[in-house]
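J.: Output the structure for:
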Amino acid sequence: MNQQNLENLNNRKFVGRLVYSVLTERRCVREALKLFPDSMDKNIECAYHALVHYEADEDIRYHDIEYREAQNDYLEEIAQTLSAGKELPRNIIADYEDYYKGTASLWKNGWQGFLKEFRRFINI
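T.: Numbers count the residues shown, from 1 in each chain. Model prediction:
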């Protein structure tokens, strides 16, 4: 296994644990997002954007139990797959492909960079 593949494997496992920590409420979404590795791995970028979406849907999740359960199941699948170091299914990666630019680049400009990307993410 070459260095890049090993790094991707370790990063996926780390991100899987981050997603689990959000689902179990041991960590808030914002804190988890700040810890994401700088990566161009689409699996990691997908998990990043899934968490951003999770945070943005907080009001919907509060009022719609079925939506909350479906979103939790979706994130749990992402967490299980990445924790095992595996690649996510293509359909899950495709759900967020329009937003892929790298994970850490959103935070390079601090809150301004985050807000700009978040507005683009929710189409404001």
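
J.: Ramachandran angles for Glu25?
T.: When read as degrees, to the nearest 10, the backbone of Glu25 gives phi 60, psi 30.

J.: likewise the one 5 residues further on?
T.: Reported as degrees, to the nearest 10, the phi and psi values for Arg30 are phi -60, psi -40.

J.: ditto for the one 5 residues further on
T.: Taking degrees, to the nearest 10, you get phi -90, psi -10 for the backbone angles of Leu35.

J.: Just give me the longest helix of the protein.
T.: As assigned by DSSP state H, the longest helix anywhere in the chain is helix 3-23.

J.: For Asp73, grab the count of nearby residues.
T.: By the other Cβ atoms under 10 Å criterion, the neighbourhood of Asp73 contains 10 residues. Where you see a C-beta, it was placed from the backbone N, CA and C, and this is true even at glycine.

J.: host element of it?
T.: Taking DSSP states H and E as the definition, Asp73 sits inside helix 65-83.
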